[in-house]
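Visitor: got a sequence here, can you build the structure:
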Amino acid sequence: MLHPSVATRIIQDGAEKIAKLFPAGRDMLQILISERTSTCQKLKYHCLGIMENLKDMSCILRIKGLLGETDTETYYDTDGDDRGYASLDESAARGKRKEDPGYLSMDELHQPPPKTRKRRKIKNADGKQETRPVLECRMPTLVTKPAFLLPFDDMPKHKRQALGLQMLEASPPRSLKDLRNIIAAELKQVAKKLSRLERAYYGVGKSIQDEVNRYVSPIKVVMRMLTIFDFSSGRVIEDAIKAGQDPKRYKGDPNNIALLKEVHAKIKQYVPEKFTEISDYCLKILSTIEKYCVSFYDPEKDEYLETAAHYQQQINMWKSTIRNNLEKVKKLQKDFHERIIHYTMFTSPVVTFCKKNECEQVPFLFLFADACTNIRAAMAIMTTWLQADENYPIFLRNDIDDMERNKEEKVRCMRDSKTRFHSVTYKLNHAEIELDTARSEIEGWKEKEEALRIEKDYLFNLQSELQQECDFKEFRRDELAKNKADFSPDDYNETYDMLTEEIRYVRDRMPLVKRQLAAAEHKLEWMSEKKHASRKIEKEVKRLKQELKQAKVERQQRESEFTELENALEVARRIHRYKTSTDAAEKIYFCLPMGPKQSQVLGSLDDKMTKSIGVVCREIDQDWMLLYRTLPFYPQRGSETIEKDIASVNMESARGPKEGRALEALTRWRRHHTRAKFDDLIEALKKIKRHDIVAEINKVLNPPRLMEDEEQEIYVPPSVAPELVPFYKELERYDQLRKAHKNRRKSVTQHKTAQKQKS
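Guide: Residues are numbered from 1 along each chain as shown. All right, here's what the predicted structure looks like:
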């Protein structure tokens with residue numbers, strides 16, 4: 001409902017104009033003013049007689065805007081509700097101007113509010129026009145000038161800024177949040193326009209159900225009368241209309257043919273012509289969203305980050321879905337006129353509604369509804385996109401917090417895996433040393449072991465022989481004692497003494513042989529134990545190698561997980577910084593790089609550009625001015641400005657070395673050129689024919705290296721712990737470099753001394 005003051009103001013503005021058209025207008029307006037607290041419906045009845053007699057279309061539209069029957073109310077409605085739909089009376093009024101009822105263009109959506117009456121010019125007591133008080137007080141000598149006698153209302157007003165996408169095209173948004181608000185407002189305007197279009201198509205307070213109830217039954221009667229299976233193309237409908245006008249072919253109710261003709265003409269009028277502007281504007285909004293609502297994530301280059309990767313996948317899916325929905329509006333209409341359509345080609349809500357009302361044979365009735373559904377689906381996806389882009393930094397912040405908490409656990413696991421790896425490596429090194437020692441001992445024992453085995457066999461046989469000999473001689477002595485009578489006393493005594501002496505000699509030798517045999521057996525047994533220990537050490541080495549392999553895999557896995565976490569954390573922080581920065585929208589608008597500005601510090605040894613600039617400053621001499629004129633600048637820098645820079649560098653570094661001028665010039669270039677690259681410097685050097693400097697830069701950046709077979713292997717003492725071996729090698733290399741540097745300085749000094757002596 002309109003505010004009473006607004007209604008009164010509009011009626012008073014048109015009072016004089018209405019009174020000129022017919023005398024009864026003034027009295028009717030007085031009634032309206034006295035009853036200004038009534039509703040719009042009551043005002044409508046009071047103004048009905050006025051509108052029938054008015055011939056001025058602009059006045060009609062203004063009063064109809066007051067009554068809530070035209071789009072004009074959109075700009076007077078203080079309650080914010082949308083009442084801008086066309087009535088049947090307004091359709092007739094607009095027909096004279098060939099306007100579409102209830103249809104507004106995108107430019108009309110942003111029309112300024114209606115102008116108010118000009119204020120009465122203020123005059124002083126003398127009847128002269130009053131001047132501005134500020135000028136009268138501060139500049140009394142200029143008060144009488146004509147330029148300062150302007151009325152207050154002639155002062156220039158603030159120019160209204162462009163709204164919506166026009167503002168985004170003219171200037172960058174202040175932030176991504178403002179951009180999302182602007183696009184959301186534009187989507188609301190498009191939704192209002194689509195609602196007006198539906199109201200104009202279906203009628204006030206009507207929907208697709210009313211359309212079905214009105215047209216489906218008569219159309220099905222026509223199909224039965226003309227034996228037509230379905231109306232799936234425009235050609236079939238046109239043929240049916242022609243056949244319905246022939247009394248010989250169609251003998252049914254002619255009103256059915258009239259309804260078919262009416263709905264077919266209405267569909268041809270609205271689809272897709274009425275949707276073209278909306279579709280194009282939606283595509284324009286989509287291009288804006290694609291430009292600003294980005295994920296700043298590259299799946300091919302950046303580390304995997306679930307939130308960013310999922311958002312990028314959603315963006316790709318949303319873009320294709322929105323374009324498909326918008327293209328489907330034109331495609332279905334084209335298929336309807338040129339080929340055929342089927343109800344299954346519509347969106348799922350329209351298909352469900354079509355099946356529910358048994359309208360599968362008349363799918364053309366739902367072309368308008370399907371077009372509206374497709375556009376609303378595209379707008380819903382764009383709204384979802386805006387909401388997802390708004391929540392994107394929040395999810396990234398949560399991911400950053402989670403990854404920072406997991407980072408400590410990853411560091412602990414990585415430290416434990418490294419400790420285990422170094423411990424197993426240390427054990428394996430000691431086991432390998434023991435195994436090598438045992439193997440070397442066994443290798444040295446091979447000949448001695450063979451000799452001991454031979455000696456053992458000999459001593460064992462000798463012991464057996466001595467035992468047998470001792471037993472045999474004892475047996476002979478016993479037999480000799482038994483047969484003593486058979487021998488003479490002298491022979492007996494001599495033989496008995498000899499056997500006794502031999503037995504004693506054999507018994508005396510047997511302990512020595514036994515001791516030698518035991519010693520040989522003990523040595524062989526010790527060697528066997530050593531071999532067994534060596535085999536155990538070898539098994540232990542194999543086990544430690546397998547454990548080391550597992551520890552190495554685990555360490556690499558932990559390190560890779562930690563590296564991935566760090567890289568993902570860096571990617572998340574970078575994207576979060578881009579999405580929350582205040583100048584992100586401005587950089588996107590001007591197509592500037594999102595990262596921080598390039599460092600201007602020239603003292604970093606690891607900077608590729610810094611090393612190149614150092615070489616250029618040493619070798620360029622007076623060509624630095626030519627180089628400065630050749631180097632590219634972004635934003636563009638005019639030739640006069642470049643000459644001023646050269647003059648300024650010459651003046652500031654006049655008393656300094658030549659290298660200082662070149663360094664100052666290149667420093668300015670890096671400061672003014674926001675996209676300074678190493679390749680730009682090389683290309684500029686090639687353009688001024690300084691290929692010698694390019695070659696020198698390549699030598700500095702890519703120094704020749706020794707071949708791998710020429711590099712000397714650094715000896716590491718066994719006493720150095722395995723975890724300290726890399727540091728020990730670095731120290732050895734450092735000592736070698738210092739030694740080589742001293743030798744080089746010594747040779748240079750000797751060469752200079754020799755040159756002086758020759759001179």
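
Visitor: any idea how far apart the tips of stretch 672-685 sit?
Guide: This stretch, stretch 672-685, spans 19 Å end to end (Cα to Cα, to the nearest Å).

Visitor: I'd say residue 685 and residue 695 touch.
Guide: No - counting by Cβ atoms under 8 Å, residue 685 sits too far from residue 695 to count as a contact (10.1 Å). Heads up, the C-betas are built off the backbone N, CA and C, glycines and all.

Visitor: more neighbours, the two?
Guide: Set residue 685 next to residue 695 and count neighbours by other Cβ atoms under 10 Å: residue 685 wins out with 24 against 11.

Visitor: which secondary structure element contains the more buried one?
Guide: Assigned by DSSP states H and E, residue 685 falls within helix 678-687.

Visitor: chain center to that helix: distance?
Guide: Chain-centre distance of helix 678-687: 32 Å, with Cα atoms, centre = their mean, to the nearest Å.

Visitor: for stretch 631-650, same thing?
Guide: Computed by Cα atoms, centre = their mean, the separation of stretch 631-650 from the middle of its chain amounts to 37 Å.

Visitor: quick check: end-to-end length of that stretch?
Guide: For stretch 631-650, the first and last residues are 18 Å from each other (Cα to Cα).

Visitor: who touches that stretch?
Guide: Outside stretch 631-650, the residues within contact range by Cβ atoms under 8 Å, 6 or more residues apart in numbering are 625, 628-629, 661, 664-665, 668-669, 672-675, 680-681, 684.

Visitor: do stretch 544-553 as well
Guide: Under Cβ under 8 Å, 6+ apart, the answer for stretch 544-553 is 417, 420-421, 424-425, 427-428, 431.

Visitor: could you rerun that using 6 Å?
Guide: The contact list for stretch 544-553, computed with Cβ atoms under 6 Å, 6 or more residues apart in numbering, reads 420-421, 424, 427-428, 431.

Visitor: now the element after the strand or helix carrying residue 375, going C-ward?
Guide: Element membership for residue 375, per DSSP H and E: helix 367-482. Where DSSP H and E defines the elements, the next helix or strand beyond helix 367-482 is helix 489-580.

Visitor: rounded mean pLDDT for that next one, please.
Guide: Per-residue pLDDT over helix 489-580 has a mean of 90.

Visitor: now the angle from that helix to helix 367-482?
Guide: Angle, helix 489-580 to helix 367-482, by axes from the mean of the first three to the mean of the last three Cα atoms, to 10 degrees: 170 degrees.

Visitor: thinking again about what came up before, nearest to residue 297, of the contacts of stretch 631-650?
Guide: residue 675 (22.2 Å; Cβ to Cβ).

Visitor: what strand or helix carries the residue lying closest to that closest one once chain neighbours are set aside?
Guide: Distances taken as Cβ to Cβ, 6 or more residues apart in numbering place residue 634 nearest to residue 675, at 4.9 Å, with adjacent residues excluded. Using DSSP H and E, residue 634 is not contained in any helix or strand.

Visitor: per-residue confidence at residue 634?
Guide: At residue 634, the model reports a pLDDT of 76.

Visitor: for residue 706, same thing?
Guide: pLDDT recorded at residue 706 is 45.

Visitor: and residue 740, by the same measure?
Guide: We have a pLDDT of 79 for residue 740.

Visitor: just give me how far whatever helix or strand it lives in sits from the chain centre.
Guide: Using DSSP H and E, the element containing residue 740 is helix 725-758. Centroid separation between helix 725-758 and its chain, computed with Cα atoms, centre = their mean, is 51 Å.

Visitor: also stretch 197-216?
Guide: 45 Å.

Visitor: still on that earlier bit, which is the next helix or strand following the helix holding residue 685?
Guide: That would be, after helix 678-687 and using DSSP H and E, helix 691-701.

Visitor: got any ranges where the chain has weak pLDDT?
Guide: Scanning the chain for pLDDT under 70 picks out the ranges 1-163, 595-607, 674, 704-713, 748, 751-752, 754-759.

Visitor: count of neighbours near residue 329?
Guide: Using other Cβ under 10 Å, residue 329 has 25 neighbouring residues.

Visitor: same check on residue 417?
Guide: Using other Cβ under 10 Å, the number of residues around residue 417 comes to 20.

Visitor: let me see the contact set for it.
Guide: Residue 417 sits next to 554-555, 558 when contact means Cβ under 6 Å, 6+ apart.

Visitor: go again with 8 Å.
Guide: The contact partners of residue 417, by Cβ under 8 Å, 6+ apart, come to 551, 554-555, 557-559.

Visitor: distance to residue 358 and neighbour count added to those residues, as JSON lines?
Guide: Formatted as JSON lines, those follow (distance: Cβ to Cβ, whole Å; neighbours: other Cβ atoms under 10 Å):
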{"residue": "551", "distance to residue 358": "73", "neighbour count": "21"}
{"residue": "554", "distance to residue 358": "67", "neighbour count": "17"}
{"residue": "555", "distance to residue 358": "70", "neighbour count": "19"}
{"residue": "557", "distance to residue 358": "63", "neighbour count": "13"}
{"residue": "558", "distance to residue 358": "66", "neighbour count": "20"}
{"residue": "559", "distance to residue 358": "67", "neighbour count": "15"}
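
Visitor: please identify which of these is nearest to residue 590.
Guide: Closest to residue 590, out of all of the contacts of residue 417 and judged by Cβ to Cβ, is residue 559, at 41.2 Å.

Visitor: report the separation between the nearest residue to that closest one once chain neighbours are set aside and residue 557.
Guide: Excluding its sequence neighbours, the residue lying closest to residue 559 (Cβ to Cβ, 6+ apart) is residue 414, at 5.9 Å. As judged by Cβ to Cβ, to the nearest Å, residue 414 and residue 557 stand 9 Å apart.

Visitor: check which residues of stretch 680-688 are buried.
Guide: Residues 680-681, 684-685, 688 are the ones in stretch 680-688 that count as buried (16 or more other Cβ atoms under 10 Å).

Visitor: oops, could you answer that again for stretch 399-406 instead?
Guide: 399-400, 403.

Visitor: one more: stretch 168-181?
Guide: Neighbour counts over stretch 168-181 (16+ other Cβ under 10 Å) mark 168, 172-173, 175-176, 179-180 as buried.

Visitor: helices - which of these land there?
Guide: Mapping these onto helices (DSSP state H) picks out 168, 176, 179-180.

Visitor: tell me which of the residues you listed is nearest to residue 469?
Guide: residue 176 (113.9 Å).
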